[in-house]
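Engineer: only geometry, no sequence info:
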């Protein structure tokens, strides 16, 4: 109509600008949001099919404490931090709470982090994933969230602070302000599981700072966060900002996890008996009650061990009793790797120690190998024993709190492992590998060296601790893998201090058991015979004497003291008689005399002692046994060495009398 026209003017009329309907805009915005979420992080996602959750009738006290906090309308803390060591069952508890709250209509959103799953270890997708779930659980905010993204699509690439304000805080505040629905006013639970598995420490701290913004805006959201007790997270939840806003729930012995683990094991064994393809042939008595006791003890209060064991036993291609025997080490495991997942978890945590790993393994080696019923390995004692600088121990272990309980340096609580199976892993090279393997020979050598240093130059070590060192030194020394530096240190060391025993340790030992103690070379009641045998084998070519003969005066002094302790017995003659038998080095068929002499002493003393067949003790170590017996015989028959403990003619006469009486009357 206007073809070829020029200078046309139009006046009057009405211009109308048409915007899309809010529903259309919201739909477009929500479509953008769906492209930036991680559905696999939902509590009920297909990706997490059959997730771990609490076994029926277990964890009831923990679950109740969490639900009391969730349902408390007068709570003063918008955060609850559930923490505990690796394998304590945190994810199972979070999953169970998520399902309970989902059915109750009070679960707003959840995010189950996973270190090894793309997206579920990415902080940048957290807020968008939570926001999407909130549009489902709180329909009143759906339109505003969608419209916000339709108007500003680049909000999805802005900071987490901007996202939580634009996608969560403002929509909820608007809905709360303009709608009367009670669902908006009721607090909604947001669950974050495995925060320690999201990125690095800074990413985790950043997430907490972002969530703090929501609580300051007083929107009806509360946050249940579960993680391992990593140092940086402990620092966050205990600082002056988060501390007053956080209810802390630690999975410790307070909740009696052993009882729950026993219930779990009994149920799973029953399941195997009812469903395993070999169930018709399983013994009625399997497993024994003591088998369950061992598994409970080995679990150390952590569900991961019990769960791992039961998965291994339930293999349809294997005979369950054989699999249990593998767990207990009764039969070789061959190519079976029942604890592969647990081992990988332990080694991953240890690797986080980075440059502190060598010292961390040194501390772990000490805890594994230095065993004494009176030892109390507090952080201060272990640090002093290993000659660490102040706070060096706590810094070294700062990233390992999920596998080791680490009290403050000034506390009197001991360092301890959360998992007894950690030692099984680290002491087995096939499980731990060269980078993490703790060699017992090297570990005992380090402990023996530290004992020598602490006894020579004590600093911060109590008298009772020094006595423990003296008593345990023979064991650590005899189990050491020797090197030149260690051998040289032993030549310079005053050995007599480590052979001394307080009278109370010997005064109540009867003669025949004392006799056996002195005769068991490698499996004796005390550790000294094994030490003497070990010293005999250490003879550097540039030294005139081996270590045993170098320290012979100290050894003789110790033997005289031990023999003198026998004077407290009610029949002092028996000691001379017993050692007269030891001194009979030329007695033919000495194995038989070993059988006979204790029997004679038991009969004459008119009391009995536990008697063990010497064949069980000596069959593998007969040559060492003969050498050790000769060492004692040489001492007992040498006036210059034995002095008042010399075995002379009178002792042989008494022994002959006892043998004669035994033959006539026994």
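Structural biologist: Thanks, I have the structure now. This structure is a prediction, so every number in the text was calculated from the model and none was measured.
Engineer: contacts and neighbour counts: CA atoms only from here.
Structural biologist: Fine.
Engineer: State whether residue 191 is indeed within a strand.
Structural biologist: Yes: Residue 191 forms part of a strand when assessed by DSSP: H, G, I helix; E, B strand; the rest coil.
Engineer: can you count the residues close to it?
Structural biologist: 25 (other CA atoms under 10 Å).
Engineer: right, and it touches residue 94 too?
Structural biologist: Yes: with contacts counted by CA atoms under 8 Å, residue 191 reaches residue 94, the gap being 7.3 Å.
Engineer: Three-state assignment for residue 381, please.
Structural biologist: helix.
Engineer: how close does residue 528 sit to residue 229?
Structural biologist: Residue 528 is 43 Å from residue 229, where distance means CA to CA, to the nearest Å.
Engineer: same question, residue 220
Structural biologist: 27 Å.
Engineer: more neighbours, those two?
Structural biologist: Neighbour totals were compared for residue 220 and residue 229, and residue 229 leads with 24 against 19 (other CA under 10 Å).
Engineer: I am assuming the more buried one contacts residue 403, so please confirm or correct that.
Structural biologist: No: contact criterion CA under 8 Å: residue 229 and residue 403 do not qualify, at 9.5 Å.
Engineer: and for the two, which residues touch both?
Structural biologist: Contact criterion CA atoms under 8 Å, 6 or more residues apart in numbering; residues shared by residue 229 and residue 403: residue 85.
Engineer: Spell out, range by range, the helices that occur in the stretch 201-350 of the chain.
Structural biologist: 201-216, 231-237, 257-275, 289-299, 303-313, 320-327, 340-351 (DSSP state H, counting those that start in this stretch).
Engineer: What ranges in the stretch 401-550 of the chain fall below the confidence cut-off?
Structural biologist: 500-526 (pLDDT under 70).
Engineer: what are the ranges of the helices in it?
Structural biologist: Secondary structure of the stretch 401-550 of the chain (DSSP H, counting those that start in this stretch): helices at 421-426, 429-436, 440-456, 463-478, 484-492, 511-519, 528-536, 547-550.
Engineer: Also the stretch 1-150 of the chain?
Structural biologist: Using DSSP H, counting those that start in this stretch, helices in the stretch 1-150 of the chain cover 22-34, 60-71, 90-104, 126-137, 142-151.
Engineer: Output the ones you listed in a markdown table, with mean neighbour count and mean pLDDT appended to each entry.
Structural biologist: Converted to a markdown table, those look like this (neighbours: other CA atoms under 10 Å; pLDDT from 0 to 100):
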| stretch | mean neighbour count | mean pLDDT |
| --- | --- | --- |
| helix 22-34 | 18 | 90 |
| helix 60-71 | 15 | 96 |
| helix 90-104 | 19 | 97 |
| helix 126-137 | 23 | 97 |
| helix 142-151 | 22 | 93 |
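Engineer: which stretches of the stretch 551-666 of the chain aren't confidently modelled?
Structural biologist: 565-622, 666.
Engineer: Now for the most centrally placed residue in the chain: which residues touch it?
Structural biologist: Most central in the chain under CA atoms, centre = their mean is residue 419, positioned 2.7 Å from the mean C-alpha point. By CA under 8 Å, 6+ apart, residue 419 lies in contact with 298-300, 302, 403.
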